[in-house]
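J.: Please find the sequence and the predicted model below.
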4 protein chains.
Amino acid sequence: MRKRLRWGMVGGGHGAFIGAVHRMAARLDDRYELLAGALSGNAERAAASAADAGIAPERSYADWREMAQREGALRRAGRGGIDAVSIVTPNHLHAPVARAFLAEGIHIICDKPLTVSLAEALELQALARRSSALFVLTHTYTGYPMVRHARSLVAQGAIGELRLLQVEYSQDWWADAAALTGEGGWREDPAIAGPAGTLGDVGIHAYQLANYVSGAEPAGIAAELHTFMPGRRLDDHVQVMLRYANGARGTLWASQVATGCENALSLRLYGSRAQLRFDQEEPNVLWLTPQGGVAQRITRGRADSEAAAHATRIPAGHPEGYIEAFAQLYRDAADLIAAHEAGVAAPPGAAYLPGLEDGVSGHRFIDAVLRSHRANSAWVAV
Amino acid sequence: MRKRLRWGMVGGGHGAFIGAVHRMAARLDDRYELLAGALSGNAERAAASAADAGIAPERSYADWREMAQREGALRRAGRGGIDAVSIVTPNHLHAPVARAFLAEGIHIICDKPLTVSLAEALELQALARRSSALFVLTHTYTGYPMVRHARSLVAQGAIGELRLLQVEYSQDWWADAAALTGEGGWREDPAIAGPAGTLGDVGIHAYQLANYVSGAEPAGIAAELHTFMPGRRLDDHVQVMLRYANGARGTLWASQVATGCENALSLRLYGSRAQLRFDQEEPNVLWLTPQGGVAQRITRGRADSEAAAHATRIPAGHPEGYIEAFAQLYRDAADLIAAHEAGVAAPPGAAYLPGLEDGVSGHRFIDAVLRSHRANSAWVAV
Amino acid sequence: MRKRLRWGMVGGGHGAFIGAVHRMAARLDDRYELLAGALSGNAERAAASAADAGIAPERSYADWREMAQREGALRRAGRGGIDAVSIVTPNHLHAPVARAFLAEGIHIICDKPLTVSLAEALELQALARRSSALFVLTHTYTGYPMVRHARSLVAQGAIGELRLLQVEYSQDWWADAAALTGEGGWREDPAIAGPAGTLGDVGIHAYQLANYVSGAEPAGIAAELHTFMPGRRLDDHVQVMLRYANGARGTLWASQVATGCENALSLRLYGSRAQLRFDQEEPNVLWLTPQGGVAQRITRGRADSEAAAHATRIPAGHPEGYIEAFAQLYRDAADLIAAHEAGVAAPPGAAYLPGLEDGVSGHRFIDAVLRSHRANSAWVAV
Amino acid sequence: MRKRLRWGMVGGGHGAFIGAVHRMAARLDDRYELLAGALSGNAERAAASAADAGIAPERSYADWREMAQREGALRRAGRGGIDAVSIVTPNHLHAPVARAFLAEGIHIICDKPLTVSLAEALELQALARRSSALFVLTHTYTGYPMVRHARSLVAQGAIGELRLLQVEYSQDWWADAAALTGEGGWREDPAIAGPAGTLGDVGIHAYQLANYVSGAEPAGIAAELHTFMPGRRLDDHVQVMLRYANGARGTLWASQVATGCENALSLRLYGSRAQLRFDQEEPNVLWLTPQGGVAQRITRGRADSEAAAHATRIPAGHPEGYIEAFAQLYRDAADLIAAHEAGVAAPPGAAYLPGLEDGVSGHRFIDAVLRSHRANSAWVAV
């Protein structure tokens, strides 16, 4: 009954961390069969990487344009062309690659950030609206059961009206001298990464998570970017004050030079009824504390929502992690694509999948932060 | 270069939790191709489960004896018979199934406990010694990077001489009235589970983990079993005092009626130089505290051993969990089997794989606990 | 209205840690006026210590027998003799000093352990029953608000019927070579400390806490003592299995050579309805987890019992510690003594004060452990 | 040798929480004798409160001006007038009362905030410079051993150059409808509390702590105040971005409507070498994590600085709390005053005592926040 999707990948060749993660994530629930790829712009590397990934030589492409055309043709001809493609290239290629596959009606699973500019993001959104293909954006942290449980609690009114929001994403690996050489080096090249450094790399994860869980987007922000490491061309730190339409206030900060931090993404919401707290490094736990009351440490195995149950594979007390969260996006995408292809209603998990709206929203935020920063942190609309 | 093993499974049909976990674990690193199975003793269920698992109908067997013979024949004939089989049946079948596949020279990956009696375990060990096949026992928790890091620290002398050892494994799911009906019901049937309830289900995990990390096995024990739930035929709680040959002392307790516990396996070692602590529910962390000194919270991403690095897939701060630990056993088993087949030296990971010795040791422990319990907790040799 | 008690102290001269703590504890709530003391058996040291403590020279005694007689005479004569005396000497003097002051009708606040033998404890209990004086035993940890809240929760049925109890008290300071020289040296001298080392020093704290909170005393135990440090004359480690009359089971262990531990006293109760957990090193917190449910982290400021409120001085989120717990015993003792002297009903706090029964119970436990240990850990009645 | 100071108090009558805390703190180490007081502006209440506090009727004053004059006269005449006075009134009286006692050369221990305006703070500072009296400002959290250890670590270069600073102080009690009625009601009356609500009540604690530990003061800030509770006349939330002269960045936020928070003051410093973290609700612990390294959980008992040892009363593992921190300020003040009176060098603890500079600095911050807020969060110099 349940079948595996025919699947391809652009980017993710040897040495590319995130491509390997996408493949592990896709394998976990066995819903994808990797059949085609343009794993590298370097032909030799593309071929070697494809061989290792079990892709047949005739479906390993050195050029993603060729891949899009040929797979599209195979698909239209009912000859086994891929149903979906994952885009795991550096940022500047996300949009052109996505455009090429959208044009062929091939579903997209794209790494964040969506593109390198708001204009390009909007254009891609418009294009996708006219396409039959679906678009999933892998904001990984939305795959965690406890993030979904949090979202579900907020939607049900568990925290009351949002009053304060504090979100942060701190890492320290860019503080190492050697951090941005090698594979990660493109992250500080504006021509490849776009105009945002840490802001685009992790800041938008924080922003998306805050919006995803709270169900609210800030109306205005005042922001400052900063570059600590000498010689770096993009920001490695960003701090932002947030104002919401309902009067709520908040702070977002993200840093990749926050000494001693590994991947410290945390979100705290304070509503009129309760506080909610999530820490990415302890993803099987969610804290809910009512006003003046006793803190509840809700574990994945004891969360009582459909949202959490849907994203859970193993029993209480058996920790799940980052790969499982990523796999959840792949599983939900597979369900959504299958339903779409079958012409039936979207499955419940679809409501939890991030997509183009999240991508466009992220670029609106990046754009606003850049504007505020240039105006010496003046408040600007998002 | 790296190739996927031809792989089969006995047990793990529809509704069997642990079979699904084995398959996820095997898929994660893409080293196994599931080609054959006797997924259930019920022919219809076996077929349906096989279809869902992507096994071709002609290699779905209703009988594991037939599977062993036929896959063995295919293998010997160079016609693609399976290289390895995973045994995920209820306990009483582990030994007969293992014997059948060992006889065919097919490598075994077997769920714990090894068998249902010490005699049977010893017999299996003897048989395996005469076979060309390898035998891996899936004591899952040995796949955690931080458990391996702990073992490596102890082996290097980081804690000095062992003085005290405290290990416990507490769950609460058997305290629910409905706990042992349905799939798990066989766990309290001595004819299927063997003479040990909680002792055999989780107690031996605790025992194996303690030995695995400490590098020591107790010389003597004094133990008591208890059954709290009315009508239950096997123990649901066990407490044990431990004596080691070097004078060290310790306690092991395991309970499946420990209210409010999910899967609380924890190990603490106190040596002459330092204390070491691991909690399964926080598996990315290990605590090391020197005598009179400052506690170090070592995270997976910042552990500096080959042992931890070898068992790690993703960067610091990106949590890994139970499935990854399980996958590690599969990955190490694949490496070991591949090396064995190629006639080359065992890879480094092989030193971290639990096998028949762990199984026999576990049954020695079960046997000793039963003896001590019957003797009103008298000290007995292990 | 509320008046300060006239108060004296035996022991607690220069260099004696616990005497200073008793004085801080007594001062905190300003219910005691230190007027007399036999702070040391050494006359010179007694005088110097008394001067520092603000005791007038004429009421500093070199001999506690003289102090008892003279203060008793002053008291009977209505000439300001002390109402209460704190006994903070090494163990072997507790009983003789207590007897002397009981004979004078002076109320006793005595450090634990009560005496150095069960026989002496029983004799003291009999004597106290015939005396008009009250007897408080400073099992400090019963002064913590969250310990009292725990006791109150259990008494109200919050955990249901007790099933499992795990209590431990681990320290590492006796593992230092120099640990038991100097002031603490008497702790390993059987003539002064009695026949129990760690068992009597911290083991009985663990035992008392377990009974105090659970409301239950074990019916039988199987125990083992051990001495790790070469040349030590008393145990520095004890492990005990517990059986309760209702079928509950448990473990107690205490060690003063548990490397890396500071003062790790923790208690866990698992009942038919919920689990309860207290860690002395985080005394403002209590964990309550229902069967199969979500853990509640109850803080001192948000505990809703009279018991907790009564033992709390400052608002939520402002941590209280060990001195405040100790002070609580002093405050409750002052209330109790005042009520007793006034011939009115005992105040509510009196129900939370440990006394002779706790002391006798502790010695029954020590006695049972020694008996079991000598019988190679046989089960013995307590 | 060590003698008790003659001590008085202004404010702190019945129902005033902080006055009782000051008295407990002063008693703990027995360095103060409470001899005089103007505990309330209401004569009857002043007398009753004084009686309860053990102050002789003739030294209980209904008017603090009279108290200053009369105690000053007694002191000059060598007739036992007080050496020091604690000011624990609502904010608007701090300055006038301080002026009156400074004029008499009586040492001041004053609650924060120093005054209700920067101008008044500066004037008081000028006055104090011309006085022989000392001035201590009770920023309580500076009395914690681990805060002092943190300061000492930073001063020794343990974190390298400061890069990021995150400080927050969140409570939820102002979110209760009844929060600011009764005793605390003056906190939202600008005529009594001054122009800053939460900013002045807890925001300046956060600010002082950040400066105290980091050794740095921000050069510029951009801030926003907000009032969530309807009808409240002062801010109940403040958020601030910080810029330091060396290029460091940071965020300060304080809220008294942060649902689910008790007294959550936390400070994080990220330097070029290490991260340092302190949470007020776990005051016996300090976290130090080197760049890319393993987190150290430093406990009070295992901190190796003079600074921590000096502020510690009891052994490792025996928690100290808020009252002990407060007591530390009193103990250090007593040592400082005694040395000052004796004309000898200030004792080492004096370097850890907050005083007028901290008060003036706090008002500079309040002033800057108000200016920035009025300018729609523009960056302003501090």
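T.: Perfect, I can see it now.
J.: Now do the helices in chain A.
T.: For chain A, the helices defined by DSSP state H cover A:17-28, A:43-52, A:64-76, A:94-103, A:118-129, A:145-155, A:190-193, A:198, A:204-214, A:306-310, A:322-342, A:356-374.
J.: Pull out the buried residues from stretch A:155-166.
T.: Buried residues in stretch A:155-166, counted by 16 or more other Cβ atoms under 10 Å in any protein chain shown: A:158-159, A:162-166. To be clear about C-beta, it is placed using only N, CA and C from the backbone, and glycine gets the same treatment.
J.: same question, stretch A:220-231
T.: For stretch A:220-231, burial by neighbour count (16+ other Cβ under 10 Å) applies to A:220-229.
J.: hmm, back to that, of the buried residues of stretch A:155-166, which is the nearest to chain B?
T.: A:Gln166 (18.9 Å; Cβ to the nearest Cβ).
J.: Give me the nearest residue to the closest one, chain neighbours excluded.
T.: A:Arg268 (4.5 Å; Cβ to Cβ, 6 or more residues apart in numbering or on different chains).
J.: before we move on, what about A:Gly194?
T.: Excluding its sequence neighbours, the residue lying closest to A:Gly194 (Cβ to Cβ, 6+ apart) is A:Val116, at 3.1 Å.
J.: any idea how far that neighbour is from A:Tyr169?
T.: Using Cβ to Cβ, to the nearest Å, A:Val116 is found at 20 Å from A:Tyr169.
J.: Neighbour count: those two, which is higher?
T.: Counted by other Cβ atoms under 10 Å in any protein chain shown, A:Val116 and A:Tyr169 do not tie: A:Tyr169 has more neighbours, with 28 against 24.
J.: got a pLDDT number for the more buried one?
T.: A:Tyr169 is assigned 98 on the pLDDT scale.
J.: again with A:Ala179
T.: Per-residue confidence (pLDDT) for A:Ala179: 67.
J.: Also A:Phe17?
T.: So, for A:Phe17, pLDDT stands at 85.
J.: What of A:Gly231?
T.: pLDDT, A:Gly231: 87.
J.: how far away is the closest residue to A:Ala98 other than its chain neighbours from C:Ile18?
T.: Once flanking residues are discounted, A:Ala98 sits nearest to A:Ile108: 5.3 Å by Cβ to Cβ, 6+ apart. A:Ile108 sits 71 Å away from C:Ile18, going by Cβ to Cβ.
J.: A:Asp29 now?
T.: 61 Å.
J.: of all the residues in chain A, which ones are close to chain B?
T.: Within chain A, the positions lying close to chain B (Cβ under 8 Å from any Cβ of the partner chain) are A:2, A:17, A:21, A:23-24, A:27-30, A:52, A:54, A:171, A:173, A:261-264, A:280-284, A:299, A:301-302, A:313-324.
J.: at 7 Å instead, please
T.: With Cβ under 7 Å from any Cβ of the partner chain as the criterion, chain A comes near chain B at residues A:21, A:24, A:27-28, A:30, A:171, A:262-264, A:281, A:283, A:299, A:301, A:313-314, A:316-324.
J.: What subset of those residues is buried?
T.: Here, 16+ other Cβ under 10 Å leaves A:21, A:24, A:27-28, A:30, A:171, A:262-264, A:281, A:283, A:299, A:301, A:313-314, A:316-324 buried among the residues of chain A next to chain B.
J.: Keep only those of those that are in strands.
T.: Using DSSP state E, A:264, A:299 are the members of these that sit in strands.
J.: if I read this right, the residue nearest to A:Gln166 contacts A:Arg277, doesn't it?
T.: Yes - with contact defined as Cβ atoms under 7 Å, A:Arg268 counts as touching A:Arg277 (4.8 Å).
J.: Can you pick out the residue with more neighbours from these two?
T.: Higher neighbour count among A:Arg268 and A:Arg277: A:Arg268, with 23 against 20, using other Cβ under 10 Å.
J.: how about the closest residue to chain D within the stretch 1-150 of chain A, what does it touch?
T.: Nearest residue of the stretch 1-150 of chain A to chain D, counting by Cβ to the nearest Cβ: A:Ala150, 14.0 Å away. By Cβ atoms under 7 Å, 6 or more residues apart in numbering or on different chains, the contact set of A:Ala150 is A:213, A:276, A:278, A:286.
J.: Contact residues of chain A facing chain C?
T.: Proximity of chain A to chain C (Cβ under 7 Å from any Cβ) is limited to residues A:293-298, A:302.
J.: Intersect the residues you listed with the contacts of chain D.
T.: Answer for the residues of chain A next to chain C near chain D (Cβ under 7 Å from any Cβ): A:Ala295.
J.: Turn the residues of chain A next to chain C into JSON lines, including distance to D:Asp83 and pLDDT.
T.: Formatted as JSON lines, those follow (distance: Cβ to Cβ, whole Å; pLDDT from 0 to 100):
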{"residue": "A:Gly293", "distance to D:Asp83": "45", "pLDDT": "95"}
{"residue": "A:Val294", "distance to D:Asp83": "45", "pLDDT": "97"}
{"residue": "A:Ala295", "distance to D:Asp83": "45", "pLDDT": "98"}
{"residue": "A:Gln296", "distance to D:Asp83": "51", "pLDDT": "98"}
{"residue": "A:Arg297", "distance to D:Asp83": "50", "pLDDT": "98"}
{"residue": "A:Ile298", "distance to D:Asp83": "55", "pLDDT": "98"}
{"residue": "A:Arg302", "distance to D:Asp83": "59", "pLDDT": "95"}
